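**Q** with the sequence up front, the predicted model follows.
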Amino acid sequence: MHKLLIFVLLFVLLTVKAQDSYYNLRVDTVTYQYYLNGDWNKLIDTAKQAIKDSVDFKFLRQRLGYAYFAKGNYYASQQQYEKALALDDTDIDTRTYLYYCGLYTCNESNIRYRAGQLTNELKQSFGIKPFRVLNSVDLEYSYKTNDNATRGNPAFYRAGISSQLGYRLNLYQSLSGYSQTNVSIYKETDAQINVQTFDSTTIKQFEYFALLNWSITPHFSLNIGYHYLNTGIKNRYIYTYNLYNQPTKTVKATTATSNLPGNMFCSKLSFTLNRFDFALTGSILNYDSVLTQQYGVHAGVVLPGKLNLYMKSSLYGMLDSNIRRLIFSQTASALLFKKLGVEGNITWGNLNNFSDNNGLYIYNSLDPSTFRTGLTTYWYLFPKISLFGNYTYDTKLIEENNTNYNQHSFSGGIIWKI
């Protein structure tokens, strides 16, 4: 009796295994035929059902990844090729398409990480090099206007270069300058004397920025940055008075100059998962004898569709002089046409000594912004040359008298990937 029971159980197990083997073979055969015929929708449906039925092997994941790739769904393709790589981490076809997926999803850290996993022949064929002293150059100029009589129109200019220090290390450096002249006129009048004081303040700021990016894994990256700024302030006073209707007399005060150096250290830990990305940021700025701490949480997603609509929300907490404040920023970007993209943003909160764009920009102007919104247009002119233009509106706050004024910024620049 026991021998009969064992025989029956063994027969059932062998039958189930044979059926599983037949199903696996059928899935392999059918999906391969769909792959040869280019029937991507049928391939996707069949492969997804097979995976749901616990059928999983490298070639199935590769075919599914290629089907998504052929349909232009590069995020889904990348996900399937990563599954295939987990089943065979030596497969060069899988690594190659992961590199392509990084290119088409514009994930620079992922691109460089995957490039390091290609064969030497493929690296040479794609023109991939581990080291490039000059990988890209970018130039930017911005001119700002406002409607306040005591504030001049600032100008900002910047030049940056990117260097590849290996497949997983990238160094970006930038030099920039800022200038503005502010004028205040104070008048006092009584029955005998008219007094006028002319106060001119010229601000010129020099900045250096360096950011090191390390692709830890295809999904994790770490940024470590340093930002130096030196603000030169030149005050010039002219005192005039008129007594008993006599000719105006002028007394020129001694010009006063001062320098305010500043140092900021910043970091960012990023994580990407398919269409989603998350990041934590932090920075410490020591400027004008004030220590400003800034911490941020960021979350973004690329929505399905031809527009590649990207949405990102950021929440910052800032602490300086024992004053805590919150800043919220919302960004949205889309590819309107093949070579034309746009990005819009809105930011609420007091931006005094606020750092943005991985620490590249520090907003330490005389009057902080309390609201900012803008639109940037990118024109991918040639495969390696892009142009960009930006308009930004700011609500500025004069903290001495708690009044607001409006500022309009117009910027433009070029990015050249060498």
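**A** Great, that's in hand. As the structure is a computational prediction, the values presented were derived from the model and not from experiment.
**Q** phi first, then psi, for the most centrally placed residue in the chain.
**A** Computing the C-alpha centroid of the chain and ranking residues by CA atoms, centre = their mean puts Asn357 first, at 5.7 Å. When quoted as degrees, to the nearest 10, the phi and psi of Asn357 stand at phi 60, psi 60.
**Q** same check on the one 4 residues further on?
**A** Backbone torsions for Tyr361, taken as degrees, to the nearest 10, come to phi -110, psi 130.
**Q** show me what contacts Asp288?
**A** 260, 262 (CB atoms under 8 Å, 6 or more residues apart in numbering). C-beta: built from backbone N, CA, C; applies to glycine.
**Q** redo that, cut-off 10 Å
**A** Neighbour list for Asp288: 231, 260-262, 353, 364 [criterion: CB atoms under 10 Å, 6 or more residues apart in numbering].
**Q** out of the residues you listed, what pair is the most spread apart?
**A** With CB to CB as the measure, no two of the contacts of Asp288 lie farther apart than Pro261 and Asn353, at 14.0 Å.
**Q** who has more neighbours out of these two?
**A** More crowded of Pro261 and Asn353, by other CB atoms under 10 Å: Asn353, with 23 against 12.
**Q** list the contacts for the more buried one?
**A** Going by CB under 10 Å, 6+ apart, the list of residues near Asn353 reads 262, 264, 283, 285, 287-288, 290-294, 318, 320, 362-365, 368.
**Q** how about a cut-off of 7 Å?
**A** 285, 287, 292, 320, 362-364 (CB atoms under 7 Å, 6 or more residues apart in numbering).
**Q** would you mind measuring from it to Asn286?
**A** 10 Å (CB to CB, to the nearest Å).
**Q** any idea which element Gly72 lies in?
**A** Counting by DSSP states H and E, there is no helix or strand that carries Gly72.
**Q** next one: Ala76
**A** helix 74-87.
**Q** mind listing the strands for the stretch 101-250 of the chain?
**A** Taking DSSP state E, counting those that start in this stretch, the strands of the stretch 101-250 of the chain run over residues 131-146, 155-165, 169-189, 193-215, 220-243, 249-252.
**Q** can I get the ones you listed in a markdown table including mean pLDDT, distance to Asn406 and mean neighbour count?
**A** Shown next, in a markdown table, are the strands of the stretch 101-250 of the chain (pLDDT from 0 to 100; distance: least, CB to CB, whole Å; neighbours: other CB atoms under 10 Å):
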| stretch | mean pLDDT | distance to Asn406 | mean neighbour count |
| --- | --- | --- | --- |
| strand 131-146 | 95 | 6 | 15 |
| strand 155-165 | 96 | 18 | 17 |
| strand 169-189 | 84 | 16 | 15 |
| strand 193-215 | 84 | 20 | 17 |
| strand 220-243 | 83 | 24 | 16 |
| strand 249-252 | 58 | 33 | 10 |
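**Q** between the ones you listed, which gets nearest to Cys101?
**A** strand 193-215 (14.9 Å).
**Q** after the lowest-mean-pLDDT helix or strand in the chain, next one along is what?
**A** Least confident element among the helices and strands of the chain, by mean pLDDT, DSSP states H and E: strand 249-252 (a mean of 58). Later in the chain than strand 249-252, the nearest helix or strand by DSSP H and E is strand 256-273.
**Q** in its sheet, what does that next one sit against?
**A** strand 220-243 (antiparallel), strand 276-287 (antiparallel) (DSSP bridges).
**Q** and the strands of the stretch 101-250 of the chain as JSON lines, adding distance to Thr377?
**A** Output for those, formatted as JSON lines (distance: least, CB to CB, whole Å):
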{"stretch": "strand 131-146", "distance to Thr377": "14"}
{"stretch": "strand 155-165", "distance to Thr377": "18"}
{"stretch": "strand 169-189", "distance to Thr377": "21"}
{"stretch": "strand 193-215", "distance to Thr377": "24"}
{"stretch": "strand 220-243", "distance to Thr377": "26"}
{"stretch": "strand 249-252", "distance to Thr377": "47"}
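**Q** looking at the ones you listed, which is closest to Thr403?
**A** strand 131-146 (12.5 Å).
**Q** mind saving the C-alpha coords of the closest one as PDB?
**A** Coordinates of each C-alpha in strand 131-146 appear next as PDB, following Å, rounded to 0.1, in the frame of the first residue of the first chain:
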ATOM      1  CA  PHE A 131      38.600  60.100 -18.700                       C
ATOM      2  CA  ARG A 132      37.800  63.400 -20.400                       C
ATOM      3  CA  VAL A 133      39.400  66.500 -19.000                       C
ATOM      4  CA  LEU A 134      37.000  68.600 -21.000                       C
ATOM      5  CA  ASN A 135      33.700  66.800 -21.400                       C
ATOM      6  CA  SER A 136      31.300  69.700 -21.700                       C
ATOM      7  CA  VAL A 137      31.300  73.500 -21.600                       C
ATOM      8  CA  ASP A 138      28.300  75.800 -20.700                       C
ATOM      9  CA  LEU A 139      28.000  79.600 -20.700                       C
ATOM     10  CA  GLU A 140      25.200  81.700 -19.100                       C
ATOM     11  CA  TYR A 141      24.300  85.400 -18.900                       C
ATOM     12  CA  SER A 142      21.400  87.000 -17.100                       C
ATOM     13  CA  TYR A 143      20.100  90.600 -16.900                       C
ATOM     14  CA  LYS A 144      17.500  91.700 -14.400                       C
ATOM     15  CA  THR A 145      15.300  94.700 -14.200                       C
ATOM     16  CA  ASN A 146      13.000  96.000 -11.400                       C
END
